[in-house]
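Enquirer: Structure here, sequence nowhere to be found:
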Ligand code: SF4
């Protein structure tokens, strides 16, 4: 059962090597896009444990997690990396669509 946790995630695409295991450990939250880089889907559908495991097991530390505007992984001091990645993803939406995604 997934509890409402409010954890947000972002992937630093410059660090992502497309290897998994994020999309194995938290498949509803992470998926590879056409560039074989991980993108964030819906973190609310995965448990906190799955999200944390995905971030911890990332071989390049490319995943940032935050809760309520405060970073929880890898740094508990700030969510700046997450905010930066969300802004970058929003400005380059065409590069962050999951594989197979097509506009209607
Ligand atoms: S585990 Fe890390 S490097 Fe591997 S696909 Fe996921 S974000 Fe990218």
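Expert: Received, thanks. These figures come from a predicted structure and were not determined experimentally. Numbering: from 1, shown residues only.
Enquirer: Can you pull out the low-pLDDT segments for the protein?
Expert: Low-confidence segments of the chain (pLDDT under 70): 1-3, 75-83, 92-104.
Enquirer: tell me the helices in it, going along the chain?
Expert: Taking DSSP state H as the criterion, the chain carries its helices at 22-25, 48-57, 80-91.
Enquirer: neighbours of residue 16, just the number please.
Expert: Using other Cβ atoms under 10 Å, residue 16 is surrounded by 22 other residues. The C-beta positions use only the backbone N, C-alpha and C, and glycine is treated the same way.
Enquirer: again but with residue 87, I slipped
Expert: Residue 87 has 11 neighbours, counted by other Cβ under 10 Å.
Enquirer: rewinding a little: in JSON lines, list the helices of the chain along with distance to the ligand.
Expert: Formatted as JSON lines, these follow (distance: least, Cβ to the nearest ligand atom, whole Å):
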{"stretch": "helix 22-25", "distance to the ligand": "3"}
{"stretch": "helix 48-57", "distance to the ligand": "6"}
{"stretch": "helix 80-91", "distance to the ligand": "11"}
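Enquirer: Show me what from this structure comes close to the ligand.
Expert: Proximity of the chain to the ligand, by Cβ under 6 Å from any ligand atom, involves residues 11, 16-22, 30, 38, 58-60, 62-63.
Enquirer: Just the buried ones from those, in PyMOL syntax?
Expert: Only the buried entries of these go into this PyMOL selection, using 16 or more other Cβ atoms under 10 Å:
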select buried, resi 11+16+20+22+30+38+58+62+63
